[in-house]
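> 3D model of this:
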Amino acid sequence: MLVLGIDPGTQVLGWGIISEDRNNYKYVISGSIKPKGSNKNKKLYDIFKKIGDIIDEHEVGLVAIERTFYRENVQTTLRLGEVIATVILAALERQLPVHEFPPREVKKSVTGRGNASKSQVGYMVCRLLNIEEKSCQDELDALAVSLCWGHKKRQKDLIYGKK
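Below is the predicted model of the structure:
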């Protein structure tokens, strides 16, 4: 199954896809979406269309999103919530399950520490997926979200005795 991880952003949205097979995870592809223009609603629609295209092109099985609850700027928090909702709608339109994870949980699942730096997260993502370091931190963050889903799945499998 292919897992699409999303690092939401209003200026740059990172995305990354990993494949999951019996708790083994492999890098498939990643990228970023940089919506253009000044019209906020058109930017959201651009994100909606591009996420839908990615899901359709790669036959993604589920979507994992980093869920940011609070930013110092209220307007930024609201805009980020709209971006997250847009991604959720693109997934739900295709009847895909959506899993949301707070940033600390994503960091902890990849590095072992909930307060890890972005560079530590990026370093571990590259090691865990055996890929070269990417210049786009948003892509690495999105892949970390995918791996967080995998970590949670592995924990459930251990609890319920699945292999």
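> In the protein, mark out all the helices, start to finish.
Remark: helices assigned in the chain by DSSP state H are 40-58, 74-93, 103-111, 118-129, 137-160.
> the bottom helix or strand of the chain by mean pLDDT?
Across the helices and strands of the chain, mean pLDDT, DSSP states H and E gives its lowest value to helix 137-160, namely a mean of 85.
> List the buried residues in that helix.
Within helix 137-160, the residues scored as buried using 16 or more other Cβ atoms under 10 Å are 137-151, 153. Using the backbone N, CA and C atoms, a C-beta is placed for each residue, glycine as well.
> For E59, give me phi and psi.
Main-chain torsions, E59, degrees, to the nearest 10: phi 50, psi 50.
> For V3, see how far away it is.
12 Å (Cβ to Cβ, to the nearest Å).
> Between the two, which is the more surrounded one?
Applying other Cβ atoms under 10 Å to E59 and V3 shows that V3 carries more neighbours, namely 25 against 9.
> which residue sits closest to the more buried one in space, ignoring its chain neighbours?
In this structure, V3 finds its nearest non-sequential neighbour in S146, 4.6 Å apart by Cβ to Cβ, 6 or more residues apart in numbering.
> what's that neighbour in contact with, if anything?
S146 makes contacts with V3, L4, G5, G16, I17, I18, Y25, A64, as judged by Cβ atoms under 8 Å, 6 or more residues apart in numbering.
> Check pLDDT for those and point me to the minimum.
Lowest pLDDT among the contacts of S146: Y25, with 94.
> roughly how far apart are that residue and K152?
For Y25 relative to K152 (Cβ to Cβ), the value is 12 Å.
> just G61 next, same as before
Taken as Cβ to Cβ, the span from G61 to K152 is 15 Å.
> Next one: E57 relative to W15, how far apart?
Per Cβ to Cβ, E57 is found 12 Å from W15.
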